[in-house]
Each structure stands twice: as C-alpha cells, then as structure tokens.
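**Q** sharing a model prediction with you, sequence too.
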Amino acid sequence: MSTPKTALVVGRGPAGLLSASYLVQRGYQVSVLAEADGSLAMWPGDFSFGRDAEAFRSFPIERSLTEWLQSFDELVTLYQSFGVTLRLPQREAIAHTITATGNLRPTFATPDWQYASTEPEPLVVVGFDGLADSIVEAQVATYRRQSGQEAFGVRLSRPPGWDASWGALRFAVYLDSDVGTDWLVKSSQTALESAPPDIPVVLPQIIGLERTTNLLARLSDVCGRSVGEFPLLSPSVGGIRIKERWERQLRRQGVRFVSGRVQEILPTPRAVMADGRCFAADLLLLAHGGVLGGGMRVAIDGVIVDELVNREIGRMDRLEALNELGHQNADCLGGGRVLAVGRAIGGWNPNRDHNGGAMLLATVHAALELSEEIDQ
C-alpha cells in the first residue's frame, strides 16, 4: 500500500480552506498552519467574479469559460458538503447585493441567506436599534439614488436584555435562541405592516449563526414576501458561519489544524514555526494573505519583503512590478513544490475589479495543476 502524499497549507482564510479541501479530494494528508483564524471573519461569504459577464476574459491566469464554469460548479458542490447552499446567477447576468451603506455591489456565487438580484428592484430595508452598523435612513437614501428604485425603511426596537456591548455577533447568538427567534418574528411582522406588500425585505447579516436558513424561511412565510440579508462590515457573521461549518468538515476529513506563527519557509518544502516546531511535506501552499499578502512587510525605505520566503520582491513605488513578481517568486521555490495561492498577480486587483473569488479559484486550481504536472 502506497504512502499518502502530504501537504502543508499556510493560512486559514478562504484561500487556505479552499486549498485544504481540494487537496483532501486529491488524496493528500493535509495540515493547516496559521497564527490566527484568517480573514473569513472579515468576508461576507460571496465569491465575487467581476463587474460583467465577460470578466473571465481579463484574468492573468488563462482559463476558458468552460473551466470557469466547472470551477464554480465544484465550489457549489463543496459548499453543499458542509451545509451551505450557493446560488449562481442565471445565464450571463451578474447579480448585485446591497451593502450596509446602501451601495450596489457585484456578486457571483452567493450563499442562500444573502440578498442578490440581477436587476435593481424596490426594497424594504430593516434596521435594528442598538446595532451600530444599522443606518437604515442613510442606506435607503443611497440605494434610491444608486438604483433608481424605491426603498422603504422600517426599524425594530432593541430586544429584551440588550445593552451597549452588543455587536453583530452578539445579535446573531441571541437570534439563534428560541427567545430571540420569537422576538424577531413578532417584531418583524409588526414593523412590516406599515411597508408596501410584496416587496422583498433585506435585514442586516445577523440572523443567527446555525439557524439562519430556517429563520429566513420562517420570516418569509410569516411576512408573505422574500427575505434576505445584506453583509455588514467586519466582523462578518456570514464569514463566521462559513468558517465554522467548513472547518468542522475538514476536521472530519482528517485535516490537522496547527496554531502558531510560521517563521520560515524552506524549498524542501518545510515550514519552521516561531517556537521551533518544524513540518515537512510533499507540497506546500502559501495562502497567507490578500492583495499584498498577510506575510508582507514594508520597510521604511519602501522595500517590500515576503517574510515567509525572506525575499525582497519589490518597492512601494513599483506596485506594478510587485504584482508581477509576488506570485512568481514564491512559485519558483522548490521547483514548484512551494506555491502561492490567493495572491494578487499581474495587475489583478480584487478591490478594484471585484473579482476576489475568481482570484482564489484560479490560483488554487493553477497551483494544484502545476503540482500534478510535477508529479507526473
């Protein structure tokens, strides 16, 4: 019987968990190394793809439309395995969600609890007294101006037991309880009596952690209209929901989570922790951070150093060069046994182009395909 291949994933955000899931599917024994929980708690949970249906043509990693569609189908199946339903837009339309400030934001693969629509439509926006991010009057005004559609605001009073320490997560925990559920249903039903009928309702993304889908279905039934959430600023309850379900699934599949700071990466490949622990594997994926990377350090003179590979990769006055080199420099370590995923490359800017989800999918698939080529 052959010995299973082993893999290390550095990072515990969406790129790290996606890498771990796909490595498990390919038969690897996986360990995830991370100092902290990662960025899922700052991420609403939807996979953005771009502003229009032709967005796939502009990415620096070449993938055909068929490959993109297959990637998203795999993502939907993966999410279903840990209990989250992802909706994909129909045909060529890119859906939009509404933000906490009332702006329209493009989205693509969207959890079923999050509001998304391919065309702007009239909305009823529900505000919560005592929730700092719930600024319903300003949200309604911005949405009207941006969408050209009518919007109506209603507000729920503070729930029993509320105090000034409550944030989004505390509201979600309360609404998961029987008492919180009953309060939400009764308060929403009363508040919506003054709103025009048949118009979709959007609430802040605080509607429970474990009961969310059932809660929204119950609200839709009681109120006689579709009900969804809009994402809030960090901490993101939607991202926390996904993180908890995803990590439980990975643990059931035998993935080991190791807490601690990775201090050095060697091309063997090997990861050395700050406390001296050392982990070796057949493959190592660097999934430690966003546009510049969570492991990037900017010196006083503007030099940017990737601390994990201890290499200067650019300067702050040459961001174009940084984007071109950041991914490639990590790729070349260990002859392709150490690969970077989830990084900005070739001028790809997810904050500008709204394609962070596509960046994750493309870089993870590219890394796995390259590792398979090396094995062969």
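**A** Received it, and whenever you're ready, just let me know what you need.

**Q** can you map out the strands along the stretch 101-250 of the chain?
**A** For the stretch 101-250 of the chain, applying DSSP state E, counting those that start in this stretch gives strands covering 104-107, 110-111, 123-128, 151-156, 201-204, 227-230.

**Q** and the fifth one, what does it pack against?
**A** Packing partners of strand 201-204 (3 or more Cβ pairs under 8 Å, 6 or more residues apart in numbering; DSSP states H and E): strand 123-128, strand 227-230. In short, each C-beta sits where N, CA and C put it, glycine included.

**Q** figure out which of those is closest to Gln114.
**A** For Gln114, the closest of those is strand 227-230, at 5.5 Å, according to Cβ to Cβ.

**Q** thinking again about what came up before, any chance of the strands of the stretch 101-250 of the chain in JSON lines, with distance to Leu40 and mean pLDDT too?
**A** As requested, the strands of the stretch 101-250 of the chain are exported to JSON lines (distance: least, Cβ to Cβ, whole Å; pLDDT from 0 to 100):
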{"stretch": "strand 104-107", "distance to Leu40": "17", "mean pLDDT": "88"}
{"stretch": "strand 110-111", "distance to Leu40": "12", "mean pLDDT": "94"}
{"stretch": "strand 123-128", "distance to Leu40": "23", "mean pLDDT": "97"}
{"stretch": "strand 151-156", "distance to Leu40": "27", "mean pLDDT": "96"}
{"stretch": "strand 201-204", "distance to Leu40": "18", "mean pLDDT": "97"}
{"stretch": "strand 227-230", "distance to Leu40": "16", "mean pLDDT": "96"}
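
**Q** hang on, the earlier thing: what's the closest of the helices and strands packed on strand 201-204 to Leu368?
**A** Across the helices and strands packed on strand 201-204, Leu368 has its closest neighbour in strand 227-230 (32.5 Å, Cβ to Cβ).

**Q** against which helices or strands is that closest one packed?
**A** Packing partners of strand 227-230 (3+ Cβ pairs under 8 Å, 6+ apart): strand 201-204, helix 212-223.

**Q** low-confidence ranges, the stretch 201-350 of the chain, go.
**A** Within the stretch 201-350 of the chain, the segments meeting pLDDT under 70 span 289-311, 313-336, 343-350.

**Q** for the stretch 151-300 of the chain, what spans make up the helices?
**A** When assigned using DSSP state H, counting those that start in this stretch, the helices of the stretch 151-300 of the chain occupy the ranges 168-176, 178-191, 212-223, 237-252.

**Q** adding distance to Val341 and mean neighbour count, write those out as TSV.
**A** Formatted as TSV, the helices of the stretch 151-300 of the chain follow (distance: least, Cβ to Cβ, whole Å; neighbours: other Cβ atoms under 10 Å):
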stretch	distance to Val341	mean neighbour count
helix 168-176	28	20
helix 178-191	38	16
helix 212-223	29	17
helix 237-252	16	20
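
**Q** tabulate these (JSON lines), appending distance to Ala93.
**A** Formatted as JSON lines, the helices of the stretch 151-300 of the chain follow (distance: least, Cβ to Cβ, whole Å):
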{"stretch": "helix 168-176", "distance to Ala93": "30"}
{"stretch": "helix 178-191", "distance to Ala93": "29"}
{"stretch": "helix 212-223", "distance to Ala93": "23"}
{"stretch": "helix 237-252", "distance to Ala93": "22"}
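
**Q** out of these, flag the one nearest Ala151.
**A** Between Ala151 and these, the tightest spacing by Cβ to Cβ is seen for helix 178-191, at 15.0 Å.

**Q** which strands or helices does that closest one pack on?
**A** strand 151-156, helix 168-176, helix 212-223.

**Q** can you say which of these is nearest to Lys5?
**A** Distance to Lys5, taken as Cβ to Cβ, is lowest for helix 212-223 among these, at 36.2 Å.

**Q** got the contact list for that closest one?
**A** Helix 212-223 has contacts (Cβ atoms under 8 Å, 6 or more residues apart in numbering) with 85, 112-113, 175, 181, 184-185, 188-189, 192, 201, 207-208, 226-229, 241.

**Q** apply 10 Å and report the result again.
**A** 83-85, 111-114, 124, 126, 172, 175-176, 180-181, 184-186, 188-189, 191-193, 195, 197, 200-201, 203, 205-208, 211, 225-229, 237-238, 241 (Cβ atoms under 10 Å, 6 or more residues apart in numbering).

**Q** need the helices and strands packed on helix 178-191 in CSV (columns: distance to Val255).
**A** Listed next are the helices and strands packed on helix 178-191 as CSV, based on distance: least, Cβ to Cβ, whole Å:
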stretch, distance to Val255
strand 151-156, 40
helix 168-176, 25
helix 212-223, 25
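
**Q** for Ser71, find the nearest of these.
**A** Closest to Ser71 of the helices and strands packed on helix 178-191, according to Cβ to Cβ: helix 212-223, at 24.6 Å.

**Q** distance from the chain centre to the closest one, please.
**A** Offset of helix 212-223 from its chain centre (Cα atoms, centre = their mean, to the nearest Å): 24 Å.

**Q** can you check stretch 236-249 too?
**A** On the basis of Cα atoms, centre = their mean, stretch 236-249 sits 10 Å off its chain's mean C-alpha point.

**Q** just the CA trace of that stretch, in CSV.
**A** Below are the C-alpha coordinates for stretch 236-249, written out as CSV (Å, rounded to 0.1, in the frame of the first residue of the first chain):
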residue,chain,number,x,y,z
SER,A,236,-18.8,39.4,9.2
VAL,A,237,-21.4,36.9,10.6
GLY,A,238,-21.7,35.4,7.2
GLY,A,239,-18.0,34.6,7.0
ILE,A,240,-18.0,33.2,10.6
ARG,A,241,-20.9,30.9,9.6
ILE,A,242,-19.0,29.5,6.7
LYS,A,243,-15.7,29.2,8.7
GLU,A,244,-17.3,27.1,11.4
ARG,A,245,-19.1,24.7,9.0
TRP,A,246,-16.0,24.5,6.7
GLU,A,247,-13.5,23.7,9.4
ARG,A,248,-15.8,21.2,11.1
GLN,A,249,-16.0,19.4,7.7
